[in-house]
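Engineer: All I have is the shape, not the residue letters:
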């Protein structure tokens, strides 16, 4: 059990609190520039297609039934979170982290009230629930899926259905078949499953780096500003599936388990059929394989099991009539038929990064600075076995892989705006960088306050 005080500086983390503040200040300047420049562009040309750039939101100060609960969860996590994360048994820490994350997500959602905040979120004209009735014959719907993607096609799909592989829509179709139809059940599903993502990240950190770093990261994963958009967006559910795929991969390579590898392969295959952009999780998976290369070398059968799972999922969807690669090609055309063809790349290529700051917080900006410093100092030389002297560098490499995936998504031009929702799966893997920060309670407060302000001052689109 770790014995360090919760606010102590990690012994292996580079010092430099002043530089942490510089990094946080630079993040504030980026967001400020995105707001000011974005409002000017939207006012003069209207091409950003968002009312409160860089977010899809509108100005609307309000309170709600979730207000006191959100404040209470924030205060409790700031005051008690770091100490509990250090002292609780590991098996107790994981469910508590899940429960606390759910409380934070739900309370923020309920600031907008039950109906607007949760029950009606996934029933709007762009969402998946609008087409559940069109999947009464699932095999036929899969065979015909691609022909409804383009805007000019007969009965074209709503934006979110067209913009994702059918695995996303099938989730809500199957929920409906199980008697859990409607927006309320869909919202509860996304919150409940989405909150497990933080547990998956902790499991991964413990497997690849060490338990002490996972414990320090836990309160920051709970109090993530991303929770504003995780309740309720289907991307929260996608984030959890992708996170558990990475966690299973970490367990597979560190425990040399073919069973874990096979399960991971199937889950990663499902991830790619939930969202096209989540194929970029291959970059994070590659980092896990680098960190767990000893396991692959000692048991080559792991690699076969890892590749078999995605192949099975791909074969199943392809034989059912849906070709992922053909649909993606059509989707690119649809993207530029709509908002993607109007929104200026020159603004969003950096405005998206301001969105990333808003969903990950100022503490993450400071943590990323420390992660970068660690990698520069170690230059890969300390990437030894889990729990060894290079545990901090191992975590820094995992975070760097998530940063790279996010940057590739940004530069692709297929993520212009709305990245406060779209990038939720990647954002969760940036938050562990906060494990390197001293003064945990102060940085947690810096995470919670902007999230509370955003959710009370703006009416967010998700």
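Structural biologist: The structure has been received and is ready for your questions. Here the structure is a predicted model, which means the values were calculated and not measured.
Engineer: burial measure for residue 227, as a count.
Structural biologist: 31 (other C-beta atoms under 10 Å). C-beta coordinates here come from the backbone N, C-alpha and C atoms, glycine included.
Engineer: cool, residue 40 as well?
Structural biologist: Count around residue 40 with other C-beta under 10 Å applied: 12.
Engineer: Also residue 271?
Structural biologist: Residue 271: 26 neighbours (other C-beta under 10 Å).
Engineer: ditto for the one 5 residues further on
Structural biologist: Counted with other C-beta under 10 Å, the neighbours of residue 276 add up to 17.
Engineer: where does the closest residue to it other than its chain neighbours land on pLDDT?
Structural biologist: Excluding the flanking residues, the one nearest residue 276 by C-beta to C-beta, 6 or more residues apart in numbering is residue 328, at 5.4 Å. Looking at residue 328, its pLDDT reads 97.
Engineer: could you point out which element follows the helix ranked longest in the chain?
Structural biologist: Ordering each helix of the chain by length in residues (DSSP state H) puts helix 17-44 first. Beyond helix 17-44 in the direction of the C-terminus, DSSP states H and E gives the next helix or strand as strand 57-59.
Engineer: Counting neighbours, which bits of that following strand end up buried?
Structural biologist: In terms of neighbour count (16 or more other C-beta atoms under 10 Å), strand 57-59 has its buried residues at residue 57.
Engineer: How about stretch 121-131?
Structural biologist: Here stretch 121-131 shows 121-122, 127-131 as buried, counting by 16+ other C-beta under 10 Å.
Engineer: Could you do stretch 16-34 as well?
Structural biologist: 20, 23-24, 27, 30-31, 34.
Engineer: before we move on, the earlier item: return the backbone torsion pair for the residue nearest to residue 276.
Structural biologist: Phi and psi for residue 328, reported as degrees, to the nearest 10, are phi -60, psi -40.
Engineer: how many other residues sit next to it?
Structural biologist: If we define neighbours as other C-beta under 10 Å, then residue 328 has 15 of them.
Engineer: just the buried residues of stretch 16-34 now: which is nearest residue 453?
Structural biologist: The nearest member of the buried residues of stretch 16-34 to residue 453, counting by C-beta to C-beta, is residue 31 at 12.2 Å.
Engineer: For the spatially closest residue to the closest one that is not a sequence neighbour, the count of nearby residues, please.
Structural biologist: Counting by C-beta to C-beta, 6+ apart, residue 354 is the residue found nearest to residue 31 once chain neighbours are left out, at 4.7 Å. The local packing of residue 354 (other C-beta under 10 Å) involves 24 other residues.
Engineer: again, but for residue 171
Structural biologist: Residue 171 has 21 neighbours, counted by other C-beta under 10 Å.
Engineer: which ones are touching it?
Structural biologist: By C-beta atoms under 8 Å, 6 or more residues apart in numbering, the contact set of residue 171 is 128, 189, 234, 237, 274.
Engineer: Now do stretch 452-462, average pLDDT.
Structural biologist: 93.
Engineer: Same question for it: list its buried residues.
Structural biologist: Going by 16+ other C-beta under 10 Å, stretch 452-462 has these buried residues: 452, 454-456, 458, 460-462.
Engineer: so which pair among those is furthest apart in space?
Structural biologist: Once C-beta to C-beta is applied, the buried residues of stretch 452-462 give 452 and 461 as the farthest pair, at 18.4 Å.
Engineer: What sits closest to residue 253 if chain neighbours are left out?
Structural biologist: residue 292 (2.8 Å).
Engineer: so how many other residues sit close to the one you found?
Structural biologist: 24.
Engineer: roughly how far apart are it and residue 249?
Structural biologist: Residue 292 sits 8 Å away from residue 249, going by C-beta to C-beta, to the nearest Å.
Engineer: Now that we're looking at residue 358, what pLDDT does it have?
Structural biologist: Note for residue 358: predicted pLDDT of 98.
Engineer: Please identify which helix or strand holds it.
Structural biologist: Using DSSP H and E, residue 358 maps to helix 345-360.
Engineer: quick one, that helix and helix 17-44 angle?
Structural biologist: Computed by axes from the mean of the first three to the mean of the last three C-alpha atoms, to 10 degrees, the angle separating helix 345-360 from helix 17-44 equals 130 degrees.
Engineer: Could I get the buried residue list for helix 345-360?
Structural biologist: Result for helix 345-360 [16+ other C-beta under 10 Å]: buried residues 347-348, 351-360.
Engineer: How far does stretch 268-281 stretch from one end to the other?
Structural biologist: Terminal residues of stretch 268-281 lie 9 Å apart, using C-alpha to C-alpha, to the nearest Å.
Engineer: what comes up buried for it?
Structural biologist: Across stretch 268-281, burial judged by 16+ other C-beta under 10 Å covers 268-278, 280-281.
Engineer: swap in stretch 410-422?
Structural biologist: Buried residues in stretch 410-422, counted by 16+ other C-beta under 10 Å: 410, 414-422.
Engineer: Over to stretch 85-104?
Structural biologist: By neighbour count on 16+ other C-beta under 10 Å, the buried set for stretch 85-104 is 85-86, 88, 93-94, 96-98, 100-104.
Engineer: The residue nearest to residue 253 and residue 251 touch, don't they?
Structural biologist: No: Residue 292 is beyond contact range of residue 251, at 9.4 Å (criterion: C-beta atoms under 8 Å).
Engineer: Looking at per-residue confidence, what score does the residue of the chain most remote from its centre get?
Structural biologist: No residue in the chain sits farther from the centre than residue 154, which is 33.3 Å out by C-alpha atoms, centre = their mean. Residue 154 is assigned 91 on the pLDDT scale.
Engineer: Which residue is the nearest non-sequential neighbour of it?
Structural biologist: Nearest one to residue 154, counting by C-beta to C-beta, 6+ apart, is residue 148 at 7.2 Å.
Engineer: Quick check: closest non-adjacent residue to residue 127.
Structural biologist: residue 160 (5.5 Å).
Engineer: what pLDDT does that neighbour get?
Structural biologist: Reported pLDDT for residue 160: 95.
Engineer: Give the buried residues for the helix or strand hosting it.
Structural biologist: Residue 160 belongs to helix 159-162 when assigned by DSSP H and E. For helix 159-162, a neighbour-count test (16+ other C-beta under 10 Å) marks 159-162 as buried.
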